[in-house]
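Asker: Show me the folded form of this:
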Amino acid sequence: MNIRAFKNLLKPLLNTPFHPQWLLTQSKNKTAEYIKSIGSDKTVLDVGCFNKWPRQLLPENCNYIGLDYFETATDWYGSVPDVFGDACHLPIQTSAIDVVLLLDVLEHLPSAEDALCEISRVLRPGGSLIVQIPFLYPLHDEPRDYSRLTHYGFAALANKHGLDIERCNAQGVPIETAALLTNIAITKVVFGWIAQKKPAVIFSVLAPIIILLVNLFAKGINGISQQDDFMPYSYQLVAKKRFQ
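Answerer: Have a look, this model is predicted:
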């Protein structure tokens, strides 16, 4: 069983505290809210579109364009983008796009700066970039996992290419992020035992109980703690292209 198959096996538990990443469903993810705020008659480019889920949140009269690598779409996800392309060399005309979506993609690009340069090029002046990026989060979709940026790092890169941050949501207060990483680590250890047929696999029966307790403890502590963005596991941001 590979990691993706293991994730699919756990998927039915996602909305329960027995799931290692249950806390992801409990935090205030602003990405959907940002997408729903996109107005009518906009041309929206979804870079790294996966299964095109944002299209369901857009007004019907939006012109949605899903773009992805050929290899990613065909070999990894079995998806069908509208356009095959590279985020660092977008096959899109200059100033042709109203909104660009870059959702959990930037960390998989060998040059975040080249991608932002291209996104700025294809955006119309006043156009928006909606971004979701991980921060304190494990490697995933290897070997194409290259970087982690703080919101300060992203803002500096964006500013260099004529993009100003309008909104930023740091997702995951410290106790949530710590619990999330703990649960992922536990799951990874159990997966290793199963894959290698280690005798220690008998202890894997304790994993659901430990994960449940960690999730509930973090949720309870979070309810009586000060909210801050000291160690988030991801960011959701909206940047706008300058008119000059």
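Asker: which residues are in contact with the helix or strand harbouring T177?
Answerer: When elements are assigned from DSSP states H and E, T177 belongs to helix 174-196. Around helix 174-196, the neighbours that count as contacts under CB atoms under 8 Å, 6 or more residues apart in numbering are 1, 3, 6, 10, 20-21, 23-24, 26-27, 136-138, 172, 198, 200-201, 203-204, 207, 210-211, 214-215, 217-218, 221-222, 225, 228, 230-233. (Each C-beta comes from the backbone N, C-alpha and C, glycine too.)
Asker: Just the buried ones out of these, please.
Answerer: Applying 16 or more other CB atoms under 10 Å to those, the neighbour count classes 20-21, 23-24, 27, 137, 172, 204, 207, 211, 214-215, 218, 222, 231-233 as buried.
Asker: Of the residues you listed, which belong to helices?
Answerer: Taking DSSP state H as the definition of helices, the buried ones among the contacts of helix 174-196 contribute 23-24, 207, 211, 214-215, 218, 222.
Asker: could I get the residues you listed as CSV with distance to T16 and pLDDT?
Answerer: Compiled in CSV, these are given as follows (distance: CB to CB, whole Å; pLDDT from 0 to 100):
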residue, distance to T16, pLDDT
L23, 12, 95
L24, 12, 93
A207, 14, 96
I211, 10, 98
V214, 14, 98
N215, 9, 98
A218, 15, 97
N222, 17, 92
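Asker: Nearest to L149 among those residues?
Answerer: Among these, L24 lies closest to L149 (CB to CB), at 19.2 Å.
Asker: quick one: the nearest residue to that closest one once chain neighbours are set aside from Y69, how far?
Answerer: When the adjacent residues along the chain are set aside, L24 lies closest to L180, with 7.0 Å between them (CB to CB, 6 or more residues apart in numbering). L180 sits 28 Å away from Y69 when distances are taken as CB to CB, to the nearest Å.
Asker: For P81, give me its contacts.
Answerer: Listed by CB under 8 Å, 6+ apart, the contact partners of P81 are 49, 52, 66-68, 73.
Asker: Residue nearest the middle of the protein, spatially speaking?
Answerer: Computing the C-alpha centroid of the chain and ranking residues by CA atoms, centre = their mean puts D104 first, at 3.0 Å.
Asker: what's around Q132, how many residues?
Answerer: The local packing of Q132 (other CB atoms under 10 Å) involves 20 other residues.
Asker: That's all I had, so thanks and see you.
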